[in-house]
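S.K.: Quick one, fold the following:
(2 chains)
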Amino acid sequence: MSKYDLIIVGVGGQGAILASDIIGKAAVAEGLPVRAAETHGMAQRGGAVENHVRLGCTHGSLIPVRQADCLMSMEPVEALRFAKYLSTKGIAVINTERIVPPIVATGKVKYPDVDVIIDTIGGLCSEVKAENYTELAKKAGAIQALNVVMIGAISRYLPLKPETLREIIAASVPPKTVNVNLKAFDLGREA
Amino acid sequence: MSKHYLLGNEAIARGLLECGVDVATGYPGTPSSEILTALAQYAKENKFHIEWSVNEKVALEVAIGAAWTGARSVCTMKHVGLNVAADPFMTLSHTGVVGGLVLISADDPFCHSSQNEQDSRMYAKFAKIPCFDPQSPGEAKDMLAYAYEFSEKFQTPVMLRPTTRVSHAKSDVDVYELQSRDRAYEFKKDIERFVVLPKHTRVLLKKLNEKQKAMSKELASSPWNKLSLKEGAKLGIISSGVASVYVEEVLDGIGIPVSYLKIGAYPVDDSLIRELVTSVEKVLVIEELMPLVEEQVRMYAPFEKVSGKLNGAVPHEGEFDVTLVSGIIKKALGLPVQKPADVNVDIEIPQRPPALCPGCPHRSTFYIMKSVFKDESIFASDIGCYTLGTQLGAVDTCLCMGASITIASGLSHSGIKNKVACTIGDSTFLHTGIQGLINAVYNKANITVVILDNRTTAMTGHQPHPGTGATILGDPVTEVSLEALVKSCGVELLQVVDPFDPETTKAAFKKAYQTDGVNVIIARQPCIITAKKMGIKRKPMEVIEDLCEGCRRCVKFGCPAIEFENGKAKITDACAGCGVCTKICQFGAIKIRSD
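M.R.: Model (predicted):
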């Protein structure tokens, strides 16, 4: 059994692996057993990525469908793609900044309306929190800090102390960017 | 002891270090690639040899040489890599080893990043060597210490076979102190063992067969094969590897007694199977990929008693998860299978397949090649990032590592009238591509070979190779000259181009198109990701809206940084500044960003 199942989704290159790493290390620091599964290889290159993190879990690393307590999505359409994992009691935290796939840019398919995406996911779980977290990352000082902004945003729901997360963030990001990332965490948490 | 949060492959690397490995070799391939990278960081301090070899056969042979001196060696690869190494692998079981040798072959159920699904346990059985099949990163690490001792005790190579959900899973893992490493390395000559003349091999084969029983007996009492018989159980489940964690998660939540045999090491002793089979009414075998255990179980039980892949109760393809395994077990127990309510979203979700990165030099090469050779030419390709050139219509075939030049040769010899061009990466060319080039020239093929030289092994995580001028430790070495290699194969027309300079690149492709026989273009420009790490900074581009006519020519280039909004092109923050799009736009609407 698992105490808290989190699924992190987005587009290859957005930093999903580092985000799940920070949460996993924070769990270890607090003595919680943790299992996680990562997407590697081809999907790194602009493809859809999904990372599973299971806190307080001693079984496998894959979250069963409709069992995730939290879906953290760094891109709106990816929230929709992986919505099947969300528990009806779960929360979805969604970045509203779009990354348009080439299939949309060439005019073959339309990108769904972001408000419609949010409404649809709202019908699948108990709560949706949607913000432009990319703007907050820019405000913190670097667009690359989006993943940490979003960790801040979901930190209110995770069974982990914010101080632990801050410590692990400081130890996990490039030394020059520690301040930017800690600011990013705070902006996300306050949003 | 302390707890660390480790990727499965990092846990394996740590395990190898704790076992005091002397020689580590491999060729990158997802999901195995991070093992050597993680191990390399300890190499200098702990004074062991580590290398990226040019291919898996070479890697295994280096590891074997070391193990024959009493050293502990490891060789890492992915399942399809084992096909390349199959030749030494099959004979190695006959000669055996002196120091422990662990071959790690990582399998990829559902082919997340592979050209096929393939079960390395079958190879282990084929070669008659033990195989360890971990269910988690922690178990993979723990198995290594046992595996080395087992290898040395039975003088046999052993296999560790993680799957994607072990290699790329993360977990809290126990980390221990390193064992001391004070071995006396010595090669004791023994031609009856190390020279596989028929006369010698016949004896070696008999010895190999004789030790099978002793090995399976020993493994029966190991911590990796665990039988738990439950009173009153009518159903017995047998599972192996990562499938066993899914089974255990399901059994945890079911209030019905079920007997359970968890298998983590092969060959499986008959006694364990017989004990389970005779104690229950029905047996269910749940294993990913091939029905290896199931076939063994069916040797001892009536067909009707056993469920698994062979009677359709368990799927033959793809990877498992808790939901799937739960359905299988509940059905076997006669319990109602409640599928989680489907999430029906009434919106078309745009596909987002992996794509070449913004600023990837391959995109430019493909684009230009296609513009010269046109649709009617045939484009053979190979394994690497550039297989994604399918999206530009510039990849028509991809079979296995190193097959682009050979497939292209076959196409050209077939009698078809089309022009044939093939693409291959620098690392893949050194892996097994060069033999194809030698053959193409020797046998007078009529092809253009494009070596996409991005100075790294990009797809698997930017590992160096002999053409990059660096070892796995970052030590500088003499670069292999691709130009000299190509020339020495007898190629007369060799052109080296910079794909970020579309004009000269186009001229080279035009010349290639008009040339008969084998000609080679080396398209050289560092991978955009390594270029950034090397500190190469390029300014991003922007669209001058007033000049944009909305023709979508730049969008068709397929760069993820080029979007289309309100009838005009738009370049996003993802732009890496290669600048090729500025030359594609016929209206001069794309320029270097002014700020």
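S.K.: Disregarding residues adjacent in the polypeptide, which is nearest to residue 183?
M.R.: Picking chain A for this. With sequence-adjacent residues excluded and distances taken as Cβ to Cβ, 6 or more residues apart in numbering or on different chains, residue A:183 is closest to residue A:140, at 4.4 Å. All C-beta spots, glycine's among them, are computed from the backbone N, C-alpha and C.
S.K.: you looked at the wrong chain, it should be chain B
M.R.: residue B:70 (5.8 Å).
S.K.: thinking again about what came up before, show the contacting residues for the residue nearest to residue A:183.
M.R.: Residue A:140 makes contacts with A:148-149, A:180-181, A:183-184, A:187, as judged by Cβ atoms under 8 Å, 6 or more residues apart in numbering or on different chains.
S.K.: what does the stretch 251-400 of chain B have sitting close to chain A?
M.R.: B:252-253, B:321-323, B:326, B:340-343, B:345-357, B:385, B:388, B:391 (Cβ under 8 Å from any Cβ of the partner chain).
S.K.: nope, the stretch 1-150 of chain B is what I meant
M.R.: Residues of the stretch 1-150 of chain B lying near chain A (Cβ under 8 Å from any Cβ): B:3-5, B:7, B:30-31, B:112-113, B:136.
S.K.: Make CSV from those residues and add secondary structure and neighbour count to it.
M.R.: Formatted as CSV, those follow (DSSP: H, G, I helix; E, B strand; the rest coil; neighbours: other Cβ atoms under 10 Å in any protein chain shown):
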residue, secondary structure, neighbour count
B:3, strand, 16
B:4, strand, 14
B:5, strand, 23
B:7, strand, 25
B:30, coil, 23
B:31, coil, 28
B:112, coil, 17
B:113, coil, 23
B:136, coil, 25
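S.K.: Any idea how many residues pack against residue B:252?
M.R.: By other Cβ atoms under 10 Å in any protein chain shown, the residues close to residue B:252 number 10.
S.K.: Then the one 3 residues further on?
M.R.: By the criterion of other Cβ under 10 Å, residue B:255 has 4 neighbours.
S.K.: The lowest-mean-pLDDT helix or strand in chain A: what's the following helix or strand?
M.R.: Lowest by mean pLDDT, DSSP states H and E among the helices and strands of chain A is helix A:102-105, with a mean of 84. The helix or strand immediately downstream of helix A:102-105 is helix A:114-122, counting by DSSP states H and E.
S.K.: residues in contact with that following helix?
M.R.: By Cβ under 8 Å, 6+ apart, helix A:114-122 touches A:71, A:76-77, A:79-80, A:83, A:86, A:92, A:94, A:96, A:98, A:128, A:130, B:345-347.
S.K.: 10 Å instead, please
M.R.: A:71, A:73, A:76-80, A:83, A:86, A:92, A:94, A:96-98, A:111-113, A:127-130, A:132, B:343, B:345-347, B:349 (Cβ atoms under 10 Å, 6 or more residues apart in numbering or on different chains).
S.K.: Return the subset of the residues you listed lying in helices.
M.R.: A:76-80 (DSSP state H).
S.K.: and of these, the nearest to residue A:144?
M.R.: Set against residue A:144, the nearest of these by Cβ to Cβ is residue A:78 (17.8 Å).
S.K.: if I read this right, the closest one contacts residue A:51, doesn't it?
M.R.: No - counting by Cβ atoms under 10 Å, residue A:78 stays clear of residue A:51, with 11.5 Å between them.
S.K.: what's the single longest helix in chain B?
M.R.: For chain B, the helix reaching the highest residue count under DSSP H is reported as helix B:198-220.
S.K.: tell me the mean pLDDT over that helix?
M.R.: Helix B:198-220 shows a mean pLDDT of 97.
S.K.: likewise stretch B:3-12?
M.R.: For stretch B:3-12, mean pLDDT is 97.
S.K.: Stretch B:62-74 too?
M.R.: Average pLDDT, stretch B:62-74: 98.
S.K.: got the buried residues for it?
M.R.: For stretch B:62-74, burial by neighbour count (16 or more other Cβ atoms under 10 Å in any protein chain shown) applies to B:62-64, B:66-74.
S.K.: which stretches of chain B aren't confidently modelled?
M.R.: By pLDDT under 70, chain B has no low-scoring segment.
S.K.: tell me, what residue is most central in chain A?
M.R.: For chain A, residue A:72 is the residue whose C-alpha lies nearest the centre (Cα atoms, centre = their mean; 3.3 Å).
S.K.: I'd like to check which residues are in contact with residue A:173.
M.R.: A:15, A:18, A:22, A:142, A:144-145, A:147-148, A:179-182, A:184 are the contacts of residue A:173 under Cβ under 10 Å, 6+ apart.
S.K.: For residue B:369, see how far away residue B:506 is.
M.R.: According to Cβ to Cβ, to the nearest Å, residue B:506 and residue B:369 sit 9 Å apart.
S.K.: remind me which residues of chain A are low pLDDT?
M.R.: Ranges of chain A meeting pLDDT under 70: A:41-45.
S.K.: And the strands in it, which stretches?
M.R.: Taking DSSP state E as the test, the strands found in chain A are A:4-11, A:34-37, A:48-55, A:68-73, A:86-95, A:127-131.
S.K.: Direction included, what does the fifth one pair up with?
M.R.: Read it as strand A:86-95. strand A:68-73 (parallel), strand A:127-131 (parallel) (DSSP bridges).
S.K.: one step back: buried ones among the contacts of helix A:114-122?
M.R.: A:71, A:73, A:76-80, A:83, A:86, A:92, A:94, A:96-98, A:111-112, A:128-130, B:343, B:345, B:349.
S.K.: Need the residues touching each of residue A:78 and residue A:51.
M.R.: A:8-10, A:16.
S.K.: Burial check on the closest residue to residue B:81 other than its chain neighbours, number of neighbours?
M.R.: Nearest residue to residue B:81, sequence neighbours excluded (Cβ to Cβ, 6+ apart): residue B:56, at 3.9 Å. Around residue B:56 sit 30 other residues, with neighbours defined as other Cβ under 10 Å.
S.K.: end to end, how far does stretch B:353-369 reach?
M.R.: 23 Å (Cα to Cα, to the nearest Å).
S.K.: Report the distance from it to the chain centre.
M.R.: 22 Å (Cα atoms, centre = their mean, to the nearest Å).
S.K.: cool, and stretch A:7-20?
M.R.: With Cα atoms, centre = their mean, you get 6 Å for stretch A:7-20.
S.K.: Please export the C-alpha coordinates of that stretch as PDB.
M.R.: C-alpha atoms of stretch A:7-20 as PDB (Å, rounded to 0.1, in the frame of the first residue of the first chain):
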ATOM      1  CA  ILE A   7       2.200  11.700 -10.700                       C
ATOM      2  CA  ILE A   8       4.400  14.300 -12.400                       C
ATOM      3  CA  VAL A   9       3.800  14.900 -16.100                       C
ATOM      4  CA  GLY A  10       5.000  17.300 -18.700                       C
ATOM      5  CA  VAL A  11       7.100  17.600 -21.800                       C
ATOM      6  CA  GLY A  12      10.600  16.200 -22.200                       C
ATOM      7  CA  GLY A  13      13.100  18.900 -21.100                       C
ATOM      8  CA  GLN A  14      10.800  20.600 -18.500                       C
ATOM      9  CA  GLY A  15      12.600  19.000 -15.600                       C
ATOM     10  CA  ALA A  16      10.200  16.300 -14.500                       C
ATOM     11  CA  ILE A  17      13.000  14.000 -13.400                       C
ATOM     12  CA  LEU A  18      14.600  16.600 -11.200                       C
ATOM     13  CA  ALA A  19      11.200  17.400  -9.700                       C
ATOM     14  CA  SER A  20      10.600  13.700  -8.800                       C
END
